[in-house]
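Trainee: Using only what follows, build the 3D model:
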Amino acid sequence: MKKILLLLFIALMPLLAIVDIAPQEVGERPGFSGNIAGSYTGKSGNTQKNEYDFSGKIEYDNESNFLTFLQGSYELTESKGVKIEDQKFFHFRFLHKLNNESLYGEIFSQYKQDIFKDIDNRWLNGANIRWRFVDSSELGKLYLGAGILLENIQYVNSPNDPAGTAVQPDENSLRVNSYMAYKHNLNPSTKLSMIGYYQPSLEQGSDYYASFTAELELRIIKEIYLSLIYRHEYDSKPAISVEKRDTMTKTSIVWKF
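Mentor: Sure, this is the predicted structure:
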């Protein structure tokens, strides 16, 4: 049964979304594990609207010195047959223990498409060192991460798109990738997680991306959880006519396996 569920999850991967922001450590969930979340909202009559939101993750932990995972998202909203939101997100990460239990090396690759921010695709590839500098049953766990990433952005209707009108040149930049993360099991059925990123360009300090995400996860029954997420993002140099700030709140039912 577990193999069937795993194959089904992989087959559906193009439709799935990010639901877990907490930093992971080797040995927490040995072997294969994952989660799936999704929602659909449909309205008709005076309000004609359809919202689709799918999310999920697949992870492998060898219980000794490494773990790896792939997670992603797909969100689509249509109003009266017109798209008003269309974005995809995938993130792959490999973590390896270094000298001790608190120090990890990370490599990652990330893809994002957000049509309403004029982003046709945004690729990030990089590597980090992550240090857990607080580990307390009462206070929780605090992490610092630092590294380098290579960013490539292709904009919708960029000069490289012969069918479109130039909006903004495509970008290639080298950035610092720094973050601070926190997680704490408030009780056996409740977990709080937070993570903040700061990614300045090495070529131009005024060009940076910053975000903060907080998640409260509540166990409902067995492996079914309620996830409450708040996210705030700031891009100092977005595409032309795109807002610098974005805020999101999301409530999801998550099944972990």
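Trainee: Show me the strands in the stretch 151-257 of the chain, by range?
Mentor: 171-187, 190-200, 208-221, 224-235, 245-256 (DSSP state E, counting those that start in this stretch).
Trainee: Make TSV from these and add distance to Glu151, mean neighbour count and mean pLDDT to it.
Mentor: (Each C-beta comes from the backbone N, C-alpha and C, glycine too.) TSV is the format used below for these (distance: least, C-beta to C-beta, whole Å; neighbours: other C-beta atoms under 10 Å; pLDDT from 0 to 100):
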stretch	distance to Glu151	mean neighbour count	mean pLDDT
strand 171-187	5	16	94
strand 190-200	8	18	95
strand 208-221	9	16	94
strand 224-235	11	16	92
strand 245-256	18	14	86
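Trainee: right, and these - which one's nearest Ser136?
Mentor: Ser136 sits nearest to strand 171-187 of all these, at 8.8 Å, using C-beta to C-beta.
Trainee: Need the CA coordinates for the closest one. CSV is fine.
Mentor: In CSV, the C-alpha atoms belonging to strand 171-187 read as follows (Å, rounded to 0.1, in the frame of the first residue of the first chain):
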residue,chain,number,x,y,z
GLU,A,171,18.5,38.6,-15.5
ASN,A,172,21.5,36.6,-14.4
SER,A,173,22.9,37.4,-11.0
LEU,A,174,25.0,36.0,-8.2
ARG,A,175,23.5,36.4,-4.8
VAL,A,176,24.3,35.8,-1.1
ASN,A,177,21.7,33.4,0.3
SER,A,178,21.3,33.9,4.0
TYR,A,179,18.5,32.8,6.3
MET,A,180,17.4,32.3,9.9
ALA,A,181,15.0,29.6,10.9
TYR,A,182,13.2,28.5,14.0
LYS,A,183,11.0,25.6,15.0
HIS,A,184,9.4,24.5,18.3
ASN,A,185,7.1,21.7,19.2
LEU,A,186,4.8,23.6,21.5
ASN,A,187,3.1,20.3,22.6
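Trainee: Now tell me which helix or strand of the chain has the poorest mean pLDDT.
Mentor: One helix or strand of the chain scores below all others by mean pLDDT, DSSP states H and E: helix 2-11, with a mean of 39.
Trainee: Next, the angle from whichever helix or strand comes after that one to strand 224-235.
Mentor: Next helix or strand after helix 2-11 toward the C-terminus (DSSP states H and E): strand 31-43. Relative orientation of strand 31-43 versus strand 224-235 (axes from the mean of the first three to the mean of the last three C-alpha atoms, to 10 degrees): 80 degrees.
Trainee: Name the residues of the next helix or strand after strand 31-43 that are buried.
Mentor: Where DSSP H and E defines the elements, the next helix or strand beyond strand 31-43 is strand 49-61. Neighbour-count burial for strand 49-61 flags 51-59, 61 (criterion: 16 or more other C-beta atoms under 10 Å).
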